[in-house]
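Asker: fold the following for me, if possible:
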Amino acid sequence: MFTIDDLSDRLDGYLTVDEIAQVRRAFYYAEQAHDGQHRRSGEPYVTHPLAVANILANMHMDYQSLMAAMLHDVIEDTGITKEALSRQFGEEVAELVDGVSKLTQITFEDKAVAQAENFQKMVLAMSRDIRVIIVKLADRLHNMRTLGALRPDKKRRIARETLEIYSRIAGRLGINTIRVELEDLSFQAIHPMRAERIQRAVVKARGNRRSMVRHVQSTLQSTLDGDELPGTVMGRQKHLLSIYRKMRDQRKPFNELMDVFGFRIVTDRVDTCYRILGAVHNLYKPVPGRFKDYIAIPKANGYQSLHTTLFGPNGIPIEVQIRTREMEAMANNGIAAHWLYKAGQTDRPIAMGSHARAREWVRGLLEMQRHAGNSLEFIEHVKNDLFPDDAYVFTPKGDIMELPRGATAIDFAYAVHTDIGNSCIACRIDRHLAPLSSRLESGQTVEIITAPGAQPNLAWLSFTITAKARSAVRHALKHQQRNDSVALGRRLLNQALSSFNLTLETLSQTPLDALLEALTLKSLDDLLEEIGLGSRVAYSVARRLVDSEPERIQAHSDNQQGAMAISGARNMVISFARCCYPLPGDTIVGNLSAGRGIVVHRSECGNLEDCREDPEKCFPLQWSETVEDDFPVGLRLEIETRRGLVAELASLINDAEANIERINIEERDERLSIVHLTLAVRNRVHLARIIKRIRNLAYVGRVSRTGS
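Answerer: Okay, the predicted model is just below:
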């Protein structure tokens, strides 16, 4: 069994004597705190934190991270508090332990909510100290290694969570060694039989391929030595989940995947990487279109390497990765290379750059967290945003922006800045105007056109794919809906109060405060929002307000509520019914619908029969004098069937300065067709002119407006 003495011997290579002593002190403290506790396997519980610390020691993490690893379950599983840890080991170690600890004090109805809340807490801790997530990943890795003692259903649940969240975080932070092991352990827990069969096939194939691997490896090494290029050639093996995913997604048999041989060449300097690339391309012919330069344009997690695919002996494909020793350390340890640098083990610029990228990513998570409606929405954003395939596009100034493949101009705008995204109205791609929904491809230059006062559109959610853009759009729409709801609620309440010769401005504060307290609302805006959304009826609220001040009521029978004016501008709480298509010039009424606000109908609309007599649900509206929008309207035409019918109608309607939004033709018999049209017109007068033109056509019989 691995002991604290074994760990101390390993730490002696890069920590000071005093730092090792602190780690040992944390171990003895944890051993005493967990005294009498055992894991499901029967081992003393302290073997788990010791194993977690050993994983971190492999990454050469600092002594405070190792102390946090020793103590990471103390707050959760014993009676020791964070304050006690702070007094014993300092505030920094206590904060690390608290960040890794689970939320056990809060009870949730849904286990998914508990996990999401726990992840949110961890993100907040990560924002203060990025080492929290590294300790957490090591903790999860040892838990995955020891899943055997758990029930199968619990194994699968933990494995899925690991695969969806923790392995992706490890990949996003560039810690490839942990990512690969987490993925394979999760795969074995979720699909044990598939993993076992692939593992047996890999072992068998490795034996059959051994001579070919040795031949190619020695040929590559001889080429480097002959050209006096310093470098070490090593074989590269695919891990189980990678093989399974390629078999499933590419629908390829195992043998076809294993026909590809992978090698890695590690050298001293960046310029040597490119010289080695030339040498291997001279040795074996490269496959066109399969070269990637991640040194010039690193991945989001800091990964750097040259990738190329070659036609090897007998046409066998050979995949070669070429990188420096520092890049190799970054590929395996990712952000942990920052602490490798502190221990004098690797190159400063790469390690520091990795740490800066990780901090930037965590800042993005915090922004998403502020905008997300709840913890489940937030964690879904994070899962969608972790480690996607990338596209590289340029700003007009030549800066490179990295986006997921399939990202649109809206995603690009929000990646630049949230304010740019919120106010964008158009874009130019490679200097040409393009729709905001355009999918971006690597190498394009994107320019965003903004306008003051512009607002996000609900339709954007149908084509944005980055978590930052989606959460920012949702946040802006919620804010926009609240503003619209408050404004509408104010108009409705003032209209109701006018029956009592009162307004919100003339109403005293006392009855308002009493009503807010009775309804458990924090502010007047909250009340107005509920009225605007249709959750509360304005007249009932007005009645309750004035009942407390009877001496101020001056209602008169002739003082009826005036009809509220509708401008025609659609917003988050005013919409126009699709059943009757109201137009400026029609007599209109408003139907207060809970959660939707006011739905505008024509007064004769048949769908209002149930609520027409209820003044709290259905009330008169009037059109504003300044209405400039186009409105949809439905027409039904009885027409003699003839060739060129659609073209002739389209030409006539276009000449009348209207647009056809939808057209549907049904044949009644050989002579008669029924045409259903949806047009965009300005008002009733405009519609009347169009109907008159249509009736003048010789082959048109009856024309009627639908939706009455």
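
Asker: and D6, what pLDDT?
Answerer: With respect to pLDDT, D6 scores 90.

Asker: before we move on, what about H371?
Answerer: The model's pLDDT for H371 equals 65.

Asker: helix, strand or coil for A459?
Answerer: helix (DSSP: H, G, I helix; E, B strand; the rest coil).

Asker: that one: neighbouring residues, count only.
Answerer: 11 (other CB atoms under 10 Å). In this view, the C-beta of every residue, glycine as well, is placed from N, C-alpha and C.

Asker: kindly report the same for the one 4 residues further on.
Answerer: The number of residues packed near F463 is 18, by other CB under 10 Å.

Asker: quick one: it and G406 touch, right?
Answerer: No. F463 lies out of contact with G406 (CB atoms under 8 Å); the separation is 9.3 Å.

Asker: tell me if I am right that L310 is in a helix.
Answerer: No. Read with three-state DSSP, L310 is strand and lies in no helix.

Asker: excluding its backbone neighbours, what's nearest it?
Answerer: Y284 (3.8 Å; CB to CB, 6 or more residues apart in numbering).

Asker: what does V675 give?
Answerer: Per CB to CB, 6+ apart, closest to V675 is L637, 4.2 Å.

Asker: what's in contact with whichever strand or helix holds that neighbour?
Answerer: Taking DSSP states H and E as the criterion, L637 maps to strand 631-640. Here strand 631-640 makes contact (CB atoms under 8 Å, 6 or more residues apart in numbering) with 568, 576, 578, 581-584, 645, 661, 671-683, 687, 691, 694, 699-707.

Asker: ranges for the helices of the stretch 151-300 of the chain?
Answerer: 152-161, 167-172, 176-190, 192-226, 240-249, 254-258, 270-283 (DSSP state H, counting those that start in this stretch).

Asker: among those helices, which is nearest L15?
Answerer: Closest of the helices of the stretch 151-300 of the chain to L15 is helix 176-190, at 20.5 Å (criterion: CB to CB).

Asker: buried residues, stretch 312-322. List them.
Answerer: By 16 or more other CB atoms under 10 Å, the buried positions in stretch 312-322 come out as 312, 318-322.

Asker: from one end of it to the other, what's the distance?
Answerer: Start-to-end span of stretch 312-322 (CA to CA, to the nearest Å) is 17 Å.

Asker: go on, stretch 586-597?
Answerer: So stretch 586-597: terminal residues 20 Å apart, CA to CA.

Asker: in it, what counts as buried?
Answerer: So stretch 586-597, judged by 16+ other CB under 10 Å, has buried residues 586, 588-592, 597.

Asker: one step back: I'd like to know how far the residue nearest to L310 sits from A84.
Answerer: Using CB to CB, to the nearest Å, Y284 is found at 63 Å from A84.

Asker: give me the more crowded residue out of these two.
Answerer: Neighbours were counted for Y284 and for A84 using other CB under 10 Å; Y284 has more, 21 against 16.

Asker: pull the helix or strand with minimum mean pLDDT from the protein.
Answerer: Here the helix or strand of the chain ranked lowest by mean pLDDT, DSSP states H and E is helix 337-342, holding a mean of 49.

Asker: ok, E19 - how many residues close by?
Answerer: 16.

Asker: my guess is it contacts Y63. True?
Answerer: Yes. Counting by CB under 8 Å, Y63 is a contact partner of E19 at 3.8 Å.

Asker: joint contacts of these two?
Answerer: Joint contacts of E19 and Y63 (CB under 8 Å, 6+ apart) are L11.

Asker: so how far is D419 from the closest residue to T418 other than its chain neighbours?
Answerer: Among residues not flanking T418 along the chain, A472 sits closest, at 5.1 Å (CB to CB, 6+ apart). Between A472 and D419 the distance is 10 Å, computed by CB to CB.

Asker: and R431, by the same measure?
Answerer: Going from R431 to D419 by CB to CB gives 24 Å.

Asker: neighbour count for these two, which is higher?
Answerer: D419 (12 against 8).

Asker: give me the element the more buried one is part of.
Answerer: helix 418-422.

Asker: what comes up buried for that helix?
Answerer: 418, 421-422.

Asker: same question, stretch 90-100
Answerer: Quick answer for stretch 90-100 (16+ other CB under 10 Å): 93-100.

Asker: shaky segments in the stretch 451-600 of the chain?
Answerer: For the stretch 451-600 of the chain, the stretches with pLDDT under 70 are 499, 539, 547-563, 567-573, 594-596.

Asker: show me where it has helices.
Answerer: Under the criterion DSSP H, counting those that start in this stretch, the stretch 451-600 of the chain contains helices at 467-497, 509-518, 524-532, 538-547.

Asker: format these as TSV; extra columns: distance to P632 and mean neighbour count.
Answerer: What follows is those, written out as TSV (distance: least, CB to CB, whole Å; neighbours: other CB atoms under 10 Å):
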stretch	distance to P632	mean neighbour count
helix 467-497	21	21
helix 509-518	40	12
helix 524-532	24	21
helix 538-547	28	18
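
Asker: now tabulate those in JSON lines and tack on distance to I295.
Answerer: Converted to JSON lines, the helices of the stretch 451-600 of the chain look like this (distance: least, CB to CB, whole Å):
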{"stretch": "helix 467-497", "distance to I295": "27"}
{"stretch": "helix 509-518", "distance to I295": "62"}
{"stretch": "helix 524-532", "distance to I295": "53"}
{"stretch": "helix 538-547", "distance to I295": "65"}
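
Asker: nearest to Q455, out of these?
Answerer: Across the helices of the stretch 451-600 of the chain, closest to Q455 is helix 467-497 (CB to CB), at 5.7 Å.

Asker: summarise which helices and strands the closest one is packed against.
Answerer: Using 3 or more CB pairs under 8 Å, 6 or more residues apart in numbering; DSSP states H and E, the elements in contact with helix 467-497 are helix 348-371, helix 375-385, helix 409-416, helix 418-422, helix 524-532, helix 538-547, strand 564-566, strand 597-602.

Asker: for the stretch 51-200 of the chain, which spans come out with low pLDDT?
Answerer: Scanning the stretch 51-200 of the chain residue by residue, the ranges that satisfy pLDDT under 70 are 102-127.

Asker: switch to 50 and redo it
Answerer: Counting by pLDDT under 50, the stretch 51-200 of the chain shows low-confidence ranges at 103-109.

Asker: from G534, how far out is the closest residue in space to L524 that isn't next to it in sequence?
Answerer: Once flanking residues are discounted, L524 sits nearest to L512: 6.6 Å by CB to CB, 6+ apart. In this view, L512 and G534 are 21 Å apart by CB to CB.

Asker: what does I276 give?
Answerer: I276 is 69 Å from G534, by CB to CB.

Asker: then L592?
Answerer: For L592, the distance to G534 - CB to CB - is 4 Å.

Asker: which neighbours do the two have in common?
Answerer: I598.

Asker: N591 pairs with what?
Answerer: On the basis of DSSP bridges, N591 is bridged to V599, C618.

Asker: now do K285
Answerer: Assigned bridge partners for K285, using DSSP bridges, are F311.

Asker: I figured it hits F311, correct?
Answerer: Yes. Shown here, K285 and F311 form a contact pair, counting by CB under 8 Å, at 4.8 Å.

Asker: quick one: residues contacting V180.
Answerer: Per CB under 8 Å, 6+ apart, neighbours of V180: H239.

Asker: so how far is I276 from it?
Answerer: 25 Å.

Asker: what does W460 give?
Answerer: 46 Å.

Asker: please name the nearest non-neighbouring residue to A565.
Answerer: Leaving aside its sequence neighbours, A565 sits nearest to S624 (CB to CB, 6+ apart; 4.5 Å).

Asker: tell me if I'm right that the one you found and M564 touch.
Answerer: No. The pair formed by S624 and M564 falls short of the contact definition of CB under 8 Å, at 9.8 Å.

Asker: the two: which is more packed in?
Answerer: M564 (17 against 14).

Asker: for R156, give me its contacts.
Answerer: 189-190.

Asker: L507 versus that one, what's the distance?
Answerer: Counting by CB to CB - R156 and L507 are separated by 60 Å.
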